[in-house]
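Peer 1: Build me a structure from this.
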Amino acid sequence: MIRDQDAELVKDPPTWSLTGRMCLWADRSPAHVQQERFRLMGSGWEAYALISRSTQTGSKWLAITLRLEAEVRTQWDQTGIDPIDHIFVQLSNYLLLREWYDDLGVLYLK
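Peer 2: Got it, this is the predicted structure:
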């Protein structure tokens with residue numbers, strides 16, 4: 001949980017997930033997502049996820065960490081837009097711009 005210093009508001013980890021969603025890689029091949037639950041990490045939350053990448057011998061699962069700060073979550077809550085939409089757009093753009101490796105690194109959600 002994260003406590004808002006001014007309002008003493010407690011926020012539980014986000015419950016949303018990208019599991020079952022599909023993005024596209026730069027070559028337009030499918031990128032299926034499996035995401036674990038968000039967990040408390042510093043001033044926000046992190047979720048470990050795997051993203052599929054088709055290869056000549058089948059699919060390979062590549063690791064990525066999704067990082068969400070408490071202030072970003074508060075901003076998202078105020079927009080009224082589904083948080084999954086925010087994450088999905090950012091992850092899709094990230095995959096379109098990124099070459100694939102064994103570990104995709106950390107995507108800082110904004």
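
Peer 1: Let me know the next secondary structure element after the helix or strand containing residue 64.
Peer 2: If you go by DSSP states H and E, residue 64 is part of strand 58-69. Later in the chain than strand 58-69, the nearest helix or strand by DSSP H and E is helix 70-79.

Peer 1: So which elements touch that following helix?
Peer 2: With contacts defined as 3 or more Cβ pairs under 8 Å, 6 or more residues apart in numbering; DSSP states H and E, the secondary structure elements packing on helix 70-79 are strand 44-55, helix 83-97. Bear in mind the C-beta positions are built from the backbone N, C-alpha and C, glycine included.

Peer 1: Out of those, which is closest to residue 76?
Peer 2: Between residue 76 and the helices and strands packed on helix 70-79, the tightest spacing by Cβ to Cβ is seen for helix 83-97, at 5.2 Å.

Peer 1: From the centroid of this structure, which residue is nearest?
Peer 2: residue 66 (3.9 Å; Cα atoms, centre = their mean).

Peer 1: sorry, back to before: need the winner for burial among the helices and strands packed on helix 70-79.
Peer 2: Of the helices and strands packed on helix 70-79, the one with the most neighbours on average (mean count of other Cβ atoms under 10 Å) is strand 44-55, at a mean of 19.

Peer 1: Provide the strand pairings for that one, with the direction of each partner.
Peer 2: strand 30-35 (antiparallel), strand 39-41 (antiparallel), strand 58-69 (antiparallel) (DSSP bridges).

Peer 1: from the ones you listed, which stretch is densest packed?
Peer 2: strand 30-35 (a mean of 18).

Peer 1: residues in contact with that one?
Peer 2: 17-25, 47-54, 61, 66, 91, 95 (Cβ atoms under 8 Å, 6 or more residues apart in numbering).

Peer 1: Repeat that for stretch 80-93.
Peer 2: With Cβ under 8 Å, 6+ apart as the criterion, stretch 80-93 contacts 14, 16-18, 21, 23-24, 33, 64, 66, 73, 76-77, 107, 109-110.
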